[in-house]
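Student: got a structure for you, letters missing:
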């Protein structure tokens, strides 16, 4: 066990390290995690502490943050860790942040949809974004709090009211859908998962999640029935975990991993690394919807380019049309809440 933990920070073959957790010569970057004492926040804080691109790690939550910060701060990696508790300390956590990651909110419980979480999490997100607009308006904001289909539009409206909105700097983190699609595809296609790439477009809930298995690499001859089953499993991945945990939690560890992967991509983009591409839910014109998840090229300004959907199979075209009304409704719900 000790060897495997050590390898996470030293082995060049580590999946996370291969994605660019690199040089001690990297510029100073501050990352703030809002909701750092929660089920996603704690493992996310750990993973960001392991990232040498982070020089300062600010951990914030309404309670219990000093203990998490003290625990994480003992890890012998580059970043200096600070912990902040309660609304009075939120500004200190945010000042000077280059990337803000928001996993704050309540988790899903059995029988709950992401929309059941809406009123609680939407209020939390609204308050946090008002503080971001005040204390670090230039930061790249990585939204994890569900329902992402609505919380990203909420954030956009808050930033518009504050006069700080930059669509290039606001992201809905849909990386977990990509992580799941890659894992499930690799298992079915019997190919090494580290070599797999699957774009996932649309949104981040149920049928709005549309994995494009027709574009998956390496190519595999899967039947229509297998593609349908893989699509449904990707869409229902969160429910699969909630049910497996039998009411004791939701997808926290895999979500923390996905959040760390996307934050790392944002940091690499800020640092000028070439050809950094991830899927994300952003302001978009590639469909008639104002927000949409697709491949995005990241750079020094955040979103450098929103990439098109590419060729779709008939099954994917059908899925795209089916998801649009639900995604539109979620976007409108977020905008309405923000403007109440």
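Tutor: Good, I have the coordinates. Model, not experiment: these values are computed from the prediction. Residues are numbered from 1 along each chain as shown.

Student: Residue 30 versus residue 70, what's the distance?
Tutor: Counting by Cβ to Cβ, to the nearest Å, the gap from residue 70 to residue 30 is 19 Å. C-beta coordinates here come from the backbone N, C-alpha and C atoms, glycine included.

Student: Same check on residue 283?
Tutor: Remark: distance between residue 283 and residue 30 (Cβ to Cβ) = 25 Å.

Student: So between the two, which is more surrounded?
Tutor: residue 30 (22 against 19; other Cβ atoms under 10 Å).

Student: Hmm, the more buried one is touching residue 59, no?
Tutor: No: when contacts are counted by Cβ atoms under 8 Å, residue 30 is not listed as touching residue 59 (11.7 Å).

Student: Are we agreed that residue 260 is in a strand?
Tutor: No: counting by DSSP: H, G, I helix; E, B strand; the rest coil, residue 260 is not part of a strand but helix.

Student: contacting residues around it?
Tutor: Residue 260 sits next to 16, 44, 47-48, 51 when contact means Cβ atoms under 8 Å, 6 or more residues apart in numbering.

Student: Can you pick out the most distant pair from those residues?
Tutor: 16 and 44 (12.7 Å; Cβ to Cβ).

Student: Who has more neighbours out of the two?
Tutor: Higher neighbour count among residue 16 and residue 44: residue 44, with 28 against 17, using other Cβ under 10 Å.

Student: got the residue ranges for the strands in the stretch 101-250 of the chain?
Tutor: Using DSSP state E, counting those that start in this stretch, the strands of the stretch 101-250 of the chain run over 140-143, 170-172, 200-202, 209-211.

Student: you'd agree residue 294 is in a helix?
Tutor: No: under the criterion used here (three-state DSSP), residue 294 is strand, not part of a helix.

Student: For the closest residue to it other than its chain neighbours, list each beta-bridge partner.
Tutor: Nearest-residue entry for residue 294: residue 201, 4.8 Å, with adjacent residues in sequence omitted and distances by Cβ to Cβ, 6 or more residues apart in numbering. When bridges are taken as DSSP bridges, the partners of residue 201 come out as residue 210.

Student: still on that earlier bit, can you tell me which of the contacts of residue 260 lies nearest to residue 232?
Tutor: Among those, and counting by Cβ to Cβ, the member closest to residue 232 is residue 44, at 27.6 Å.

Student: Surely that closest one touches residue 259?
Tutor: Yes: using Cβ under 8 Å, residue 44 is in contact with residue 259, at 5.1 Å.

Student: Give me the common contacts of these two.
Tutor: Shared contacts of residue 44 and residue 259, counting by Cβ under 8 Å, 6+ apart, come down to 101, 103.

Student: can you list the domain ranges for the protein.
Tutor: Domain segmentation of the chain under automatic domain parsing yields 25-172, 175-338.

Student: Only the buried residues of stretch 270-288, if you could.
Tutor: Within stretch 270-288, the residues that count as buried by 16 or more other Cβ atoms under 10 Å are 270-271, 273, 276-284, 287.
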